[in-house]
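Visitor: here is my input, please return the structure:
(chains A and B)
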Number of protein chains: 2
Amino acid sequence: MLSAIRAARQRLSPYLSPTPLVRRDALSRRLGASVHCKLETLQPTGAFKVRPAFNSVLAGLDAARSNGVVTSSSGNFAQAVAYAARELDVHARIVMMSSASAFKRDRTRALGAEVVDCAANFEARLQTVQRIHAETGALVLSAYNSPETVTGDGTLGLELLDQLPEAFCVVVPMSGGGLISGIATAVKELRPGCRVIGVQAAASPAWRVALDAGEIVTTSPNPSLADALQVAAPGDLTFPIVQRWVDDVVLVSEDEIEAAVRWLAVEEKLVVEGGGAVGVAAALAGRIDRQGLDLVFVLSGGNILPSALARILTT
Amino acid sequence: MLSAIRAARQRLSPYLSPTPLVRRDALSRRLGASVHCKLETLQPTGAFKVRPAFNSVLAGLDAARSNGVVTSSSGNFAQAVAYAARELDVHARIVMMSSASAFKRDRTRALGAEVVDCAANFEARLQTVQRIHAETGALVLSAYNSPETVTGDGTLGLELLDQLPEAFCVVVPMSGGGLISGIATAVKELRPGCRVIGVQAAASPAWRVALDAGEIVTTSPNPSLADALQVAAPGDLTFPIVQRWVDDVVLVSEDEIEAAVRWLAVEEKLVVEGGGAVGVAAALAGRIDRQGLDLVFVLSGGNILPSALARILTT
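Guide: Numbering: from 1, shown residues only, chains lettered A, B, ... in the order given. Predicted coordinates:
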């Protein structure tokens, strides 16, 4: 898989620049460690999802140019696919549940994608994607459970290895597990002294539950400020990768996520969404065992509603 | 002066890393230009002021280590001097008017500096600095009107030249004029095809007034969201440099500054204070003549009150 991640990096390089890795002074003092943050918030569309989106479209570019692409997402992956498709002259259809916010719909449409509505349940979403695929031949893109996703995500790990000379402890938000799988593969194979720790909202603990059970189990996620991390079950592609490479998966409360979003905005001058802030939340709560290594937080996205950020800033 | 800027860069390199210069996609589309932002918001203490602070303390380090340093500021320079002094094992005294907010006092004290109060007028502030200098021999540091300040600020210009290969139009917030003087000196001498444009709040238009008059005149600044840019008159050191090198100075309204702070937080995921956002404000208002060049905005600081940012995000 490492060679596929290297190939993905090569493939993405005309479209995406490496994101900055910045040392944060206030956080370093607060945590008593050398702390760097990886600013995926500064990607086009405000989240790391452009990595898997570009990699998935580019991997099937001829088919995509002929028949378009289709995916289901109401979040960051929707905008990322819309952006990548526009840059690559590909027609994108995004299936969204009728419950998705007007805000997300508008953002996705503004990037040139066609938004297709479906009923507000996961089965309807899946069926709508399959129907569009059958009718149009559009390339179906997965948000996390495909090799192209994991290898696209892994490019972030290669960047970290270039940006830091020594072993580090990288803390990664977990949803479907694509991001941490890609990062862990790159980092652990190339610099085995590194640690990789995943963080989920306690409201959506599918990975922690499944890892404890030793098998993929389905859970019922509750609403969370970390809406981008909502997941019912680990992916079957990512589960064994996480079992093999990830050192620990920890959970954070809603209050802890809010505190991290506030810290990042007030002290570090970074707008980070709930799902992007869970790593910092875990560390501020004293829940990251870094084993003496320098810390790296992957700030995976910044697409928080302005009203939600305003509320957090005034509480 | 260019060789002094190069020397300053050498001197600062153990203490400050170059700040990221990041391409911003949404702003590029909005302005129909290639747009980069220079993230001084990510400096320790959240503003570019650590550049002149370190450079000033390092230039007189032996005296500073013996007798400390003293300066007057209730804003970003106070925290920057406190930070640099702490890193360099120097005692710092910061004179603040009794009108300065508890927030700024606490932040400065938290960095280890001694805060000395004085009456709420500029004369009392000056006299207090002079008294402390006479009593203790402390090195007096100027926030903008000293060679060490301008050359420290100029290091930002050298970084831009390294980070971009072609001529660009750089847009710089103006207060005392140290930052734009340093940047303009470096950029114009080394890459004459570049443009340098300064921006002030219309509430505090000292530079625009003085440049129109052809001489330093004193004005009465009004309150502004760009509180860091409050200035009554250009410095006598910086005025001729700005006359020589700066292509234009434009003004922005309070509404335009708010719109820029909002855009930067919502679209670019960056927390920027009013004074740091005036360049983007001018561009969004159609007031920057870039003459076909790529745009660079210097986001000079991020120290906005959380409550002020919250208000802007909800209006």
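Visitor: A:Asp294 is in contact with A:Glu166, isn't it?
Guide: Yes: with contact defined as CB atoms under 8 Å, A:Asp294 reaches A:Glu166; the gap is 6.9 Å. Using the backbone N, CA and C atoms, a C-beta is placed for each residue, glycine as well.
Visitor: who has more neighbours out of these two?
Guide: A:Asp294 (18 against 10; other CB atoms under 10 Å in any protein chain shown).
Visitor: who's in contact with A:Pro147?
Guide: Residues in contact with A:Pro147, defined by CB atoms under 8 Å, 6 or more residues apart in numbering or on different chains, are A:Met1, A:Ala4, A:Leu237.
Visitor: quick check: the second one touching A:Gly152?
Guide: No: no contact is recorded between A:Ala4 and A:Gly152 when judged using CB under 8 Å, the distance being 9.6 Å.
Visitor: have a look at the two and say which one is more surrounded.
Guide: The residue with more neighbours, out of A:Ala4 and A:Gly152, is A:Gly152; 32 against 18, by other CB under 10 Å.
Visitor: secondary structure element for that one?
Guide: Using DSSP states H and E, the element containing A:Gly152 is helix A:147-163.
Visitor: so which bits of that helix are buried?
Guide: A:148-160, A:163 (16 or more other CB atoms under 10 Å in any protein chain shown).
Visitor: quick one: those residues as CSV, columns for distance to chain B and pLDDT too.
Guide: Shown next, in CSV, are these (distance: CB to the nearest CB, whole Å; pLDDT from 0 to 100):
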residue, distance to chain B, pLDDT
A:Glu148, 22, 95
A:Thr149, 22, 95
A:Val150, 25, 96
A:Thr151, 23, 97
A:Gly152, 18, 97
A:Asp153, 19, 97
A:Gly154, 22, 98
A:Thr155, 17, 98
A:Leu156, 16, 98
A:Gly157, 20, 98
A:Leu158, 19, 98
A:Glu159, 13, 98
A:Leu160, 15, 98
A:Gln163, 11, 98
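Visitor: spell out which parts of the stretch 151-300 of chain A neighbour chain B.
Guide: Within the stretch 151-300 of chain A, the positions near chain B by CB under 8 Å from any CB of the partner chain are A:Arg262, A:Ala265, A:Val266, A:Glu268, A:Lys269, A:Leu270, A:Val271, A:Val272.
Visitor: now render the residues you listed as TSV, adding secondary structure.
Guide: Output for those, formatted as TSV (DSSP: H, G, I helix; E, B strand; the rest coil):
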residue	secondary structure
A:Arg262	helix
A:Ala265	helix
A:Val266	helix
A:Glu268	coil
A:Lys269	coil
A:Leu270	strand
A:Val271	coil
A:Val272	coil
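Visitor: between those, which is closest to B:Ile257?
Guide: For those, the minimum distance to B:Ile257 (CB to CB) is 16.9 Å, reached by A:Lys269.
Visitor: ok, the closest residue to the closest one other than its chain neighbours - contacts?
Guide: Spatial nearest neighbour of A:Lys269, excluding adjacent residues (CB to CB, 6 or more residues apart in numbering or on different chains): B:Gly302 at 3.4 Å. Residues near B:Gly302 by CB under 8 Å, 6+ apart: A:Lys269, B:Thr41, B:Leu42, B:Gly46, B:Ala47, B:Leu270, B:Val271, B:Val272, B:Glu273, B:Gly276.
Visitor: also A:Pro18?
Guide: A:Pro18 touches A:Glu159, A:Asp162, A:Gln163, counting by CB under 8 Å, 6+ apart.
Visitor: remind me which helix or strand it belongs to.
Guide: Going by DSSP H and E, A:Pro18 is not in any helix or strand.
Visitor: okay, it: pLDDT?
Guide: pLDDT recorded at A:Pro18 is 97.
Visitor: also the one 3 residues further on?
Guide: A:Leu21 carries a pLDDT value of 98.
Visitor: and if you look at A:Ser142?
Guide: With respect to pLDDT, A:Ser142 has a value of 87.
Visitor: now it: closest residue in space that isn't a chain neighbour?
Guide: Leaving aside its chain neighbours, A:Ser142 sits nearest to A:Thr149 (5.9 Å; criterion: CB to CB, 6+ apart).
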